[in-house]
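# Need coordinates for the below:
(chains A and B)
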Amino acid sequence: MTTVTTLRGARLVDYTRSTARSHQFPGFGDRVMSFLREPSDSRCLVVVDRGYMMRQQASHVVRDHLNLTGTNPLVGPNDPCGERFPSVNDVYITDLCPDLPRGVAAGLMAGVFPTREEMEFLRSLGADFCCYNLVPTMIVAAHAGLKVLGLVVPEGVHVDPVLDVVLGS
Amino acid sequence: MTEALARSANDAVDFLRQVSKAVPKAAVVLGSGVKVLEDVVEDTFSYDQVFGMSPSIVGHAGSLSLGRVDGQLVAVLRGRFHLYEGHSWDVVTLPTRVLAEWGVPYLFLTNAAGGLNPKFKVGDLMLLKGYRDHLNPRWKQSGLVPALMLPPTDCQNDLTRHVWKVGERLASEDAAFRPLRTGIYAGLLGPSYETLAEIEMLKRLGADAVGMSTVPELETVIGTQTKAAAISVVTNVWSEESKIEGHEEVLREAKAASVRLDKLFRASIASLP
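Presented below is the predicted three-dimensional model:
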């Protein structure tokens, strides 16, 4: 379940848990898009997603991504909140949590589980781990003019200590 | 969307047969801001008239003109339908299907592309020897991983060899005409530009240039009598230091290279077999 809320003024989209206080819905979709496009004073988004096929079972800060979903959430008439051809570079915030390792996320289509050979191939192309919701979320956020802190946590790890570390600083 | 308004390829061919007794020897499809063969405007029809619908972006006017280049009848298509606008594969490939069904033997495709090959400079022209299809709607069913594992599709033929020779000749006669480049074009869906990590990935996959079009057209002419040659105008060069400027920059750089492309097309059409 997905949590959409604000945290210290920044938008937070958390795909790793649900809480009673927030709107709840499965994965990336129209509701996340509307949330990211709502006018707000904050130009920051914190997005938390599960990471798979990690070499190092630790929470990572996303420093870049490969969109391997086979689609793009901006396909269709351009939403006037951003440009037709947005640059999605220089959007990730990577200097907030120096203690966490950084990595490149391969954004996969929901339901796709790479084989070990495929994952080796993706690593040879620059990917460090896979996730399912972060990349489309990030593209919509970048289009809407937001900077993005992308946190990817391995299965079984609760995100709270990570967020405490990041946002406590 | 307005896809339902699109004509069938048959109806569009009927329309063209009514307005032109002869089948053009060649057709030229122009991408973002590429301005060539500007005097070919004798008979101009809007995409609305020909195809029943028009594209929807600055820099893509959407018109089909019939005229003469060195005595040869030529169709010039300014603008195209893109997948990133939300158009279906059928609509995106409609103009190419129409040209093939009409019996146009030679098709020239152009696009504005980002240079990945470190030897490329802004304003270079790259003749495609192959392409990577990362934009096909079929990847919606599987994600892109299977696409990454495929080798590039070869697109060399008699027409590409002809254009290459003409390019060599022009470069030898005229110092201002930069020698043509050749390479692999990666067609991405867009509309967001590539990330630096994606650029690195595409380089490792052997791509020399990256853009958001042309692959549907090249896929469409396979198995038809129409031979296609595609040329990328390199409008920016990717490196860690240089960041992309946006669509207006693309339009400006495309304009400068258009002069060379115009020469190449005129000379190629004039000497078609």
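# what kind of secondary structure is A:Glu83 in?
Assigned by DSSP: H, G, I helix; E, B strand; the rest coil, the conformation of A:Glu83 is coil.
# which bits of chain A sit near chain B?
Proximity of chain A to chain B (Cβ under 8 Å from any Cβ of the partner chain) is limited to residues A:64-72, A:74-78, A:83-90, A:104, A:108-109, A:112, A:114, A:118, A:121-122, A:124-126, A:139, A:142-143. To be clear about C-beta, it is placed using only N, CA and C from the backbone, and glycine gets the same treatment.
# how about the strands of chain B, start to end?
B:26-30, B:43-46, B:63-69, B:72-78, B:106-115, B:125-134, B:153-154, B:181-188, B:209-211, B:227-237 (DSSP state E).
# give me the number of residues near the closest residue to B:Ser258 other than its chain neighbours?
Closest residue in space to B:Ser258, ignoring its immediate chain neighbours: B:Lys35 at 4.7 Å, by Cβ to Cβ, 6 or more residues apart in numbering or on different chains. Counted with other Cβ atoms under 10 Å in any protein chain shown, the burial measure for B:Lys35 works out to 15 neighbours.
# returning to what we had before: just checking, which of the residues of chain A next to chain B belong to strands?
Among these, the ones falling in strands (DSSP E) are A:64-68, A:104, A:108.
# and of the residues you listed, the nearest to B:Gly211?
Nearest to B:Gly211 among those: A:Asn67, at 15.7 Å, using Cβ to Cβ.
# which ones are touching the closest one?
Taking Cβ atoms under 8 Å, 6 or more residues apart in numbering or on different chains, we find A:Asn67 in contact with A:107, A:135-136, A:139, B:144, B:192, B:195, B:198.
# could these go into CSV alongside pLDDT and neighbour count?
CSV is the format used below for the contacts of A:Asn67 (pLDDT from 0 to 100; neighbours: other Cβ atoms under 10 Å in any protein chain shown):
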residue, pLDDT, neighbour count
A:Gly107, 97, 25
A:Val135, 97, 28
A:Pro136, 96, 21
A:Ile139, 97, 26
B:Leu144, 97, 25
B:Ser192, 95, 28
B:Thr195, 95, 24
B:Glu198, 97, 26
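# Lowest-scoring secondary structure element of chain A by mean pLDDT?
Taking mean pLDDT, DSSP states H and E as the measure, chain A has strand A:23-25 as its least confident helix or strand, at a mean of 48.
# That should have said chain B, apologies.
Of all the helices and strands that make up chain B, the one with the lowest confidence by mean pLDDT, DSSP H and E is helix B:247-270; it has a mean of 82.
# Skipping its backbone neighbours, what lies nearest the residue nearest the centre of chain A in space?
The geometric centre of chain A, computed from its C-alpha atoms, lies nearest to A:Leu134 (Cα atoms, centre = their mean), at 2.7 Å. What sits nearest to A:Leu134 in space, not counting adjacent residues and going by Cβ to Cβ, 6+ apart, is A:Asp49, at 4.0 Å.
# Give me the contact list for the helix or strand hosting the one you found.
Assignment of secondary structure by DSSP states H and E places A:Asp49 within strand A:44-51. The set of residues that contact strand A:44-51 without belonging to it, under Cβ under 8 Å, 6+ apart, is A:7, A:9-16, A:36, A:59-60, A:93, A:105, A:129-134, A:137-138, A:141, A:146-155, A:159, A:162-163, A:166-167.
# List the residues that contact residue 132.
You didn't say which chain, so I picked chain A. A:Tyr132 sits next to A:15, A:27-28, A:49-50, A:107-110 when contact means Cβ under 8 Å, 6+ apart.
# meant chain B actually
With contacts taken as Cβ under 8 Å, 6+ apart, B:Arg132 has the following neighbours: B:147, B:150, B:152-153, B:184-187, B:202, B:205, B:207, B:215.
# Show the pLDDT at residue 127.
Since no chain was named, I'll use chain A. pLDDT, the model's per-residue confidence, is 97 for A:Ala127.
# right idea, wrong chain: chain B
B:Leu127 is assigned a pLDDT of 98 by the prediction.
# beta partners for it?
With DSSP bridges as the criterion, the beta-bridge partners of B:Leu127 are B:Thr182, B:Ile231.
# State the number of residues packed around it.
Neighbourhood size, B:Leu127 [other Cβ under 10 Å]: 21.
# mind listing what it touches?
By Cβ under 8 Å, 6+ apart, B:Leu127 lies in contact with B:160, B:163-164, B:167, B:180-182, B:229-231.
# Now B:Val41. Its backbone dihedrals?
Reported as degrees, to the nearest 10, the phi and psi values for B:Val41 are phi -140, psi 10.
# Let me fix that, I meant to ask about B:Met53.
Here is the backbone geometry of B:Met53 (degrees, to the nearest 10): phi -160, psi 170.
# Let's have the contacts of B:Arg132 in TSV, adding pLDDT, distance to chain A and neighbour count.
As requested, those are exported to TSV (pLDDT from 0 to 100; distance: Cβ to the nearest Cβ, whole Å; neighbours: other Cβ atoms under 10 Å in any protein chain shown):
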residue	pLDDT	distance to chain A	neighbour count
B:Ala147	97	8	18
B:Leu150	97	12	11
B:Pro152	98	15	19
B:Thr153	98	18	15
B:Ile184	98	15	24
B:Tyr185	98	18	30
B:Ala186	98	13	29
B:Gly187	98	13	26
B:Leu202	98	9	25
B:Leu205	98	7	19
B:Ala207	98	12	25
B:Val215	98	14	28
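# Nearest to B:Gln225, out of those residues: which one, please.
Among the contacts of B:Arg132, and counting by Cβ to Cβ, the member closest to B:Gln225 is B:Thr153, at 18.9 Å.
# if I read this right, the closest one contacts B:Gly130, doesn't it?
Yes. Distance between B:Thr153 and B:Gly130: 5.8 Å, which falls inside the contact criterion (Cβ atoms under 8 Å).
# what's the neighbour count on residue 12?
Picked chain A for this. Applying the criterion other Cβ under 10 Å, we find 20 residues in the vicinity of A:Leu12.
# Chain B is the one I meant
There are 24 residues near B:Ala12, going by other Cβ under 10 Å.
# which regions of the chain sit below the pLDDT cut-off?
Chain wasn't specified; assuming chain A. For chain A, the stretches flagged by pLDDT under 70 are A:1-8, A:18-26, A:165, A:167-169.
# wrong chain, I was asking about chain B
Of all residues in chain B, those with pLDDT under 70 make up the ranges B:1-5, B:32, B:56-61, B:238-255.
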